[in-house]
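S.K.: With the sequence up front, the predicted model follows.
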Amino acid sequence: PVYQAIERKLTEAFRPLRLVITDESHLHAGHAGNPSGDPDAETHFRVELVSAEFACKNPVQQHRLVYGVLREELAGPVHALALKTKP
């Protein structure tokens, strides 16, 4: 459910030219954010997002836009989000 929510929200907000979402939760089993060690915990994600919405925005501004769209997930189930954004 978390993966799908991230995909839906980013697609709706940014109409991406490229969107790659990788669930890396299994790499963090037993660490902070995934102490249960459940490989399906959906707590750690890597996102690559290319969107025209990022034109004329620096990387910090781009990331803030993404954090805003995913604020609910970041306040709850998502412990870590690695971002690579490009216009």
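M.R.: In hand now; what should we look at?

S.K.: How many residues are close by Arg18?
M.R.: 9 (other CB atoms under 10 Å). All C-beta atoms are positioned from the backbone trio N, CA, C, and that covers glycine.

S.K.: Can you tell me how far Phe14 is from Ser25?
M.R.: From Phe14 across to Ser25, the span is 23 Å (CB to CB, to the nearest Å).

S.K.: I should have written Ala13 there, sorry.
M.R.: From Ala13 to Ser25 the distance is 23 Å (CB to CB).

S.K.: Neighbour count for the two, which is higher?
M.R.: Ser25 (25 against 16).

S.K.: Tell me the predicted confidence for the more buried one.
M.R.: Among the per-residue scores, Ser25 holds a pLDDT of 87.

S.K.: Same check on Ala41?
M.R.: 80.

S.K.: what secondary structure does it sit in?
M.R.: Following DSSP: H, G, I helix; E, B strand; the rest coil, we place Ala41 in the coil state.
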